[in-house]
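# predicted model, plus sequence, below.
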Amino acid sequence: MVSLLVLTVTGYGWSQYQDLLDGIDRSDALRSDAPKSASGDTNILIMGLDSRLDENGDPLPPEIYQALHAGDQQVGGYNANVLMLVHLPGDGSRATGISIPRDDYVSLPGVPDGIAKGKIKQAYGFAFDQEHRKLVAAGVTDKVSLEQQSRDAGRREEVDTVAQFLGGVPIDHFVEVTMVAFYQLAQVVAPITVCLKEDTRDSYSGANFHRGYQQIDAVQALAFVRQRRDNAHPQLNFTDLDRERRQQAFIISLTYQLKQAGTFLNPVRLRGLIAVAKQNIAADTGLQLLSFASQASSVTSGNITFTTLPIVRFGTDPAGEDVNIVDVPGIQALVRGLVGPRVPTPSPTSTVPGPGSAASGTVDVVNTTNRNGLAAALEHALATTGFTSGVTSNGRRHLSTTMIYYPGPGSAREAKTLAGMLGGLPTEPDSTVPAGHLRVVLGADYTMPAALASGDSSPATSTPPAPGSNQNDAGPADLNSISGGGIPCVK
């Protein structure tokens with residue numbers, strides 16, 4: 001939806017933009033006194049509801065339920081099963097998407113339904129239920145009014161819960177998407193190319209995919225982003241965290257393909273996307289897409305990195321329900337490193353690098369530690385130093401020492417400058433590094449310099465796992481970040 005902005009410079013684009021704004025459901029759920037992002041930055045919370053109903057609370061057509069392969073209106077509820085914070089920097093640098101695992105066990109600030117702690121996805125449903133009962137008791141009988149006022153209560157509590165959990169991060173806007181909206185959007189843009197590392201099959205979600213690149217339709221797309229188990233290949237050890245990666249990979253692939261295919265210049269497809277948005281998508285009243293058109297255009301070009309927040313281990317709550325045990329201070333430090341305010345970083349000579357200085361070239365970062373999100377946090381911190389953000393990845397084995405590699409003598413000066421910014425790291429030539437690039441391999445000894453982290457030591461100082469917990473219980477280690485601009489292969 002945000003990508004429609006590339007058309008707003010034309011008369012046709014303007015008319016379509018107005019059509020979208022006039023038709024999309026709007027909500028006043030955001031608190032007027034809530035903090036706002038500074039320096040032109042924008043934070044948008046995307047909430048994907050588990051509801052099998054439309055935006056008015058009505059059942060869907062039977063053929064839709066059959067296609068969804070997820071039950072009918074009696075299944076699901078008002079849980080926010082997808083939670084993703086998208087950070088658009090005001091300076092046009094690389095955007096960041098942060099996936100929040102839906103079962104993270106957190107405090108609920110509004111104590112909805114008298115519940116002080118629960119899964120982060122439940123904040124919406126608990127508040128919806130509380131408000132709905134309150135309205136009925138007050139004599140409200142209009143179905144649409146009951147639905148929308150109850151949803152606004154759910155939206156407000158979900159936004160407040162996420163903001164508190166992430167350490168007071170401002171949430172400037174939100175977009176709410178239902179399951180049927182996702183399916184309908186996929187119908188408009190299908191086929192969609194995705195890539196998987198292994199064959200996989202799951203009767204629960206309907207997933208049945210082969211290894212490698214493949215084109216999928218709308219029904220398969222829904223199965224792709226919902227899969228969290230494999231009943232044919234148990235050795236793959238699927239978890240809910242793999243589902244987060246699937247969602248990220250799908251968004252990256254979809255955005256890449258829409259851009260490559262010129263979809264935003266195709267009137268038929270564009271009208272189809274807008275029609276879906278008007279039926280089953282809601283947003284806050286203050287969301288004016290033109291206000292961040294340049295950032296959105298950058299995102300459609302792949303200038304975004306997605307990070308999944310780590311967990312300490314899988315556990316249970318006092319009621320015996322499965323939850324994710326999380327390190328809240330560590331999460332908040334990681335998020336500050338990813339979306340916190342950036343400041344110009346001094347070079348070793350205490351001057352800010354300028355054009356033509358040694359702070360140039362593309363920096364690729366490899367994380368060989370068990371601290372998820374470290375590579376993406378470093379790329380974010382380097383964004384205003386003169387270096388260009390490159391590719392983030394994970395090493396196959398954990399290393400103890402952090403190193404900077406450069407392609408040859410011609411890049412030694414840039415490597416030395418980067419080494420100084422990162423606290424005097426060792427450098428070494430490596431012929432496998434592409435020309436014009438530097439490669440930072442983060443080892444166990446790495447600590448984010450205070451100047452880069454705006455006075456905060458970032459993810460490196462997160463609280464260790466609880467005594468007796470097993471860090472490996474958190475599932476696959478390769479969960480920290482993937483970048484846009486192509487079609488990533490995932491589990």
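That came through fine. Numbering: from 1, shown residues only.
# Lys278 in helix, strand or coil?
Classification of Lys278 by DSSP: H, G, I helix; E, B strand; the rest coil places it in helix.
# mind checking how far it is from Lys143?
As defined by CB to CB, to the nearest Å, Lys278 lies at a distance of 20 Å from Lys143. For every residue, glycine as well, the C-beta is placed using N, CA and C.
# how about Thr96?
Counting by CB to CB, the separation of Thr96 from Lys143 is 39 Å.
# those two: which has the busier surroundings?
Here Thr96 and Lys143 are compared on neighbour count by other CB atoms under 10 Å; more neighbours surround Thr96, at 24 against 11.
# that one contacts His380, correct?
Yes. Assessed by CB atoms under 8 Å, Thr96 is found in contact with His380 at 6.3 Å.
# now do the shared contacts for these two.
Common neighbours of Thr96 and His380 are listed as Thr305, Leu338, Val339 (criterion: CB atoms under 8 Å, 6 or more residues apart in numbering).
# count the residues that sit near the first one.
If I follow you right, that is Thr305. With other CB under 10 Å as criterion, Thr305 counts 28.
# do the same with the last one
Using other CB under 10 Å, Val339 has 26 other residues around it.
# pretty sure it is touching Gly168, no?
No. Using CB under 8 Å, Val339 is not in contact with Gly168; the gap is 11.5 Å.
# helix, strand or coil for the residue nearest to Met403 when sequence neighbours are not counted?
Distance criterion CB to CB, 6 or more residues apart in numbering; nearest residue to Met403, sequence neighbours excluded, is Val441 at 5.0 Å. Following three-state DSSP, Val441 is assigned to strand.
# list the contacts for Val441?
Val441 touches Val366, Thr368, Gly395, Leu399, Thr402, Met403, Ile404, Tyr405, counting by CB under 8 Å, 6+ apart.
# and with 10 Å instead?
Taking CB atoms under 10 Å, 6 or more residues apart in numbering, we find Val441 in contact with 364-368, 375, 395, 399, 401-405, 425, 428, 430.
# relative to Pro434, how far out is it?
Taken as CB to CB, the span from Val441 to Pro434 is 15 Å.
# what segments of the protein are helices?
Here the chain has its helices, by DSSP state H, at 11-23, 62-68, 122-137, 143-165, 179-189, 218-226, 240-260, 267-280, 293-300, 328-339, 374-381, 412-421.
# give the buried residues for the longest one.
Buried residues in helix 143-165, counted by 16 or more other CB atoms under 10 Å: 146-165.
# now do the last one
Within helix 412-421, the residues that qualify as buried by neighbour count (16+ other CB under 10 Å) are Glu414, Ala415, Lys416, Thr417, Leu418, Ala419, Gly420, Met421.
# low-scoring stretches of the stretch 151-300 of the chain, by residue?
Scanning the stretch 151-300 of the chain for pLDDT under 70 picks out the ranges 259-267, 289-300.
# any idea how far Ala375 is from Leu254?
Relative to Ala375, Leu254 is positioned 23 Å away (CB to CB).
# neighbour count for the two, which is higher?
Between Leu254 and Ala375, Ala375 has the larger neighbour count (other CB under 10 Å), namely 29 against 20.
# for that one, give me the pLDDT.
Listed pLDDT for Ala375 reads 82.
# wait, it sits on Arg439?
No. In this structure Ala375 lies outside contact range of Arg439 using CB atoms under 10 Å: 11.2 Å.
# what do those two both touch?
Shared contacts of Ala375 and Arg439 (CB under 10 Å, 6+ apart): Asp364, Val365, Val366, Val391, Ser393.
# what's the farthest-apart pair in the residues you listed?
Based on CB to CB, the longest span within these runs between Val366 and Val391 and measures 8.9 Å.
# overlap in contacts, these two.
Residues touching both Val366 and Val391 by CB under 10 Å, 6+ apart: Ala375, Arg439.
# not counting stretch 402-410 itself, show me its contacts.
361, 363-364, 366, 368-369, 411-416, 418-419, 422-423, 425-447.
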